[in-house]
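>>> based on what follows, work out the 3D shape:
(2 chains)
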Amino acid sequence: MAFWRLFARNRSAVMGMIILILIFLMAISAPLFFPADPFSLAGQSMSPPGENGFLLGSDSLGRDVAAGIAHGAKTSLLIGLLATLVAVFIGVIMGALAGYYGGIVDNLLMRTTEMFQTIPSFLFAILLVAIMKPSIESIVIAIAVVSWPAVARLVRGEFLSLRNREFVLACHTLGMGDVRIMLGEILPNCLSPIIVIGSLMVATAILIESGLAFLGLGDPNIMSWGFQIGAGRTLLRSAWWVCTFPGIAILLTVLAINLVGEGLNDALNPRLRDRS
Amino acid sequence: MEGSKRRARYVLKRLIQAVPIVLAIVVLNFFLLQLAEGDAVDVLAGEAGSATPEYMAELREKFGLDKPLIVQLGVYLKNVVTLDLGYSFRHDMPVSQLVFDRFIPTLLLMTSTIFLAVGLGIVLGLVAASGLNTWRDTAISIFALITYATPLFWVGLMLIVVFSLNLGWFPTSGMEDFAMFYEGWDRVVDIAHHLVLPTITLSLFYLALYTRLMRASMLEQAGQDYVTTARAKGLTERRIVFVHVLRNALLPVVTMAGVQVGALIGGSVIVESVFAWPGLGMLAFEALFARDLNLLLGIFLLSAVLVVAVNLVVDIIYSTLDPRIEMA
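Just a heads-up that it's a prediction; the model follows:
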């Protein structure tokens, strides 16, 4: 409960949380308000917002922009969360092994991490999706592959500073196995920074996903905000609304997640709390 | 004498460290190529319309595609070292030729972006830190927060709507107006005119980054002992900020400028495809549409090597600027 009090002290974080909850509600209620396939023709094409029964207008094929945004929310949140989970999973394993064992293992894993950090990540994600063919799975894998190094570095640092503490030495004396010490004893002690970096990573993942979809590398069967903007860019002159509203949706979502992430950082890392 | 010897050794050491990374990237590139469905012969056969299996087997033998993977890797490494990045069948040109042709516009865009983002970021960070918790600080922080969360391609499109379509101040796309046959100075002005919107778009994200970094860096330096000393000496606040704090606060910002080059290349793919800027990013976008994997891998390889090179240069400059950097 102390955590919530600390979190609530940060007003912008609470605002971010409220926006995020609203977007989440929009995502799960999309089939209720817009039962039709968001790819289907819903009426007069190129309707400006508010006309012909379209709240946010329609595109050149008569697809409802509002329906696309509601259905796209699920895609963005889902891909953002899944990709982050996979990235955190890989990053924790790599970082834990490197930090715990040190020596050659550390050297090898950190060189690998360095290589992945050197590669231009967005270009690498484009390549991976293009090679694997666009689908939810390939997009999640591509985003995870370019995102895990940051987690690995963080976890390695934490493990490095914790592995010689008294409680870990005591575990060794008790005869605990390495895996049990890593997962059961050290990992729980570095959960807060992992949660913070993970929450911020969801935001980056959503931005990468929208960029991929904008370039035409989205899953062709699933509506997403990036796809809407990519499809609407040729209509900029005649129908500004097709590009504008999905972009605002991305902006609000990413902003909300960043605010929540910073709030978590303030609440979970007491050392940093009172720094301006 | 001793110092320059140590510096030379440091540069050599960093060069040697860069070799395995470049090598690993080349190997990764090779395996990505293997992972893709179909090989060069399939592409050729597809282009030709039809080909008998015997003819395709013959072609595979000719290109060495029937050899064991390790031999093919050796051949690939040798080709890359001699700057042979394969052939783009769509453009009917060697990949290396295409990539080098498109390199200059990207370099132009990236240079102007780095100058705008770093320069303005330093100024905004400075203003925010010197007026801590005033309305200026809040406004700059909110601006940074919003630009940090905005997708680049959307900013680009919105800028086009406002400044090109409605106000008519800037061209919507391209690098120059070929129909005007500008020469000399007029051509430079024309290119600069086309450069404005892409540069603003690409710099926004990094601007937010550098603003936050500069603000944090200034605040950190402001708490140091030497600032107290300077204040005790009776120096004015203005002199303390501009002469003492600023110099020290700049260092982390300069390092970040190098680290971000990789991300900048990714951003340029998006920005160039929005503004039809004829650089590497646009080429990557075209390659993506044409399913020209060879070309895409060539662009990827070149940009990865570019990042390694820039990081190397930044490290070396940094070690010269700040002798405290460990050179052992």
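>>> flag every residue of the stretch 101-250 of chain B that's near chain A.
B:132-133, B:145-146, B:148-154, B:157-158, B:160-161, B:165, B:219 (Cβ under 8 Å from any Cβ of the partner chain). Backbone N, C-alpha and C define where each C-beta goes, glycine included.
>>> so what touches stretch B:213-227?
By Cβ atoms under 8 Å, 6 or more residues apart in numbering or on different chains, the list of residues contacting stretch B:213-227 from outside reads A:276, B:121-122, B:124-126, B:128-130, B:132, B:137, B:140-141, B:240, B:244-246, B:248-253, B:256.
>>> just confirm residue B:226 is within a helix.
Yes - judged by DSSP: H, G, I helix; E, B strand; the rest coil, residue B:226 forms part of a helix.
>>> how far away is it from residue B:235?
Look at residue B:226 and residue B:235: by Cβ to Cβ, to the nearest Å, they are 11 Å apart.
>>> in the helix or strand where residue A:260 lies, what counts as buried?
Here residue A:260, judged by DSSP states H and E, is contained in helix A:241-268. Neighbour counts over helix A:241-268 (16 or more other Cβ atoms under 10 Å in any protein chain shown) mark A:241-247, A:249-268 as buried.
>>> that helix packs against which elements?
With contacts taken as 3 or more Cβ pairs under 8 Å, 6 or more residues apart in numbering or on different chains; DSSP states H and E, helix A:241-268 sits against helix A:2-9, helix A:11-33, helix A:65-101, helix A:191-214, helix A:225-232, helix A:270-273, helix B:135-148, helix B:152-159.
>>> what does the first one rub up against?
What it means is helix A:2-9. Under Cβ under 8 Å, 6+ apart, the answer for helix A:2-9 is A:13, A:14, A:263, A:264, A:266, A:267, A:268, A:273.
>>> so the third one sits against residue A:12, correct?
Yes - Residue A:263 is within contact range of residue A:12, at 7.3 Å (criterion: Cβ atoms under 8 Å).
>>> what strand or helix carries the closest residue to chain B within the stretch 51-200 of chain A?
Closest residue of the stretch 51-200 of chain A to chain B, Cβ to the nearest Cβ: residue A:122 (2.6 Å). Under the criterion of DSSP H and E, residue A:122 resides in helix A:121-132.
>>> which other helices and strands contact the next helix or strand after that helix?
Proceeding N to C from helix A:121-132, the next assigned helix or strand is helix A:136-162, under DSSP H and E. Packing contacts for helix A:136-162, counted by 3+ Cβ pairs under 8 Å, 6+ apart, involve helix A:65-101, helix A:103-118, helix A:121-132, helix A:191-214.
>>> could I get the contacting residues of the residue lying closest to residue A:125 once chain neighbours are set aside?
The shortest distance from residue A:125 to any non-neighbouring residue, by Cβ to Cβ, 6 or more residues apart in numbering or on different chains, is to residue A:142 (4.3 Å). Residue A:142 is in contact with A:124, A:125, A:128, A:129, A:132, A:212, counting by Cβ under 8 Å, 6+ apart.
>>> try it again with 6 Å
A:125, A:128, A:129 (Cβ atoms under 6 Å, 6 or more residues apart in numbering or on different chains).
>>> quick one: which of those residues has the most company?
Ranked by neighbour count (other Cβ atoms under 10 Å in any protein chain shown), the contacts of residue A:142 have residue A:125 at the top, with 27 neighbours.
>>> what comes up buried for stretch A:23-36?
Those would be A:23, A:26, A:27, A:30, A:34, for stretch A:23-36 by 16+ other Cβ under 10 Å.
>>> lowest-confidence member of these, which is it?
The member of those with the lowest pLDDT is residue A:34, at 75.
>>> do you know the pLDDT at the residue nearest to that residue when sequence neighbours are not counted?
Closest residue to residue A:34 apart from its sequence neighbours, by Cβ to Cβ, 6+ apart: residue A:67 at 3.8 Å. Turning to residue A:67, the model gives it a pLDDT of 81.
>>> tell me the backbone dihedrals of residue A:58, please.
Note on residue A:58: its backbone torsions stand at phi -130, psi 160 [degrees, to the nearest 10].
>>> quick one: low-confidence ranges for chain A?
Along chain A, segments meeting pLDDT under 70 span A:1, A:42-43, A:45, A:47, A:50, A:52-55, A:62, A:270-276.
>>> what about the strands in the stretch 51-200 of chain B?
Under the criterion DSSP state E, counting those that start in this stretch, the stretch 51-200 of chain B contains strands at B:87-88, B:93-94.
>>> partners of the last one, with directions?
Okay, so that is strand B:93-94. Looking at strand B:93-94 with DSSP bridges, its partner strands are strand B:87-88 (antiparallel).
>>> count the residues that sit near the residue of the stretch 51-200 of chain A closest to chain B.
Neighbours of residue A:122 (other Cβ under 10 Å): 26.
>>> same thing with the one 4 residues further on?
Using other Cβ under 10 Å, the number of residues around residue A:126 comes to 28.
>>> for residue B:248, same thing?
Residue B:248 has 16 neighbouring residues, counting by other Cβ under 10 Å.
>>> can you pull the phi/psi pair for it?
The phi/psi pair for residue B:248 (degrees, to the nearest 10) reads phi -70, psi -30.
>>> any idea how far it lies from residue B:57?
According to Cβ to Cβ, residue B:248 stands 67 Å off from residue B:57.
>>> check residue B:205 too.
Counting by Cβ to Cβ, the gap from residue B:205 to residue B:57 is 50 Å.
>>> neighbour count winner among those two?
Higher neighbour count among residue B:205 and residue B:57: residue B:205, with 23 against 13, using other Cβ under 10 Å.
>>> in what helix or strand does the more buried one lie?
helix B:185-222.
>>> returning to what we had before: so which of the contacts of stretch B:213-227 are in helices?
Counted as lying in helices by DSSP state H, out of those, are B:121-122, B:124-126, B:128-130, B:137, B:140-141, B:246, B:248-253, B:256.
>>> kind regards, and thank you for your time.
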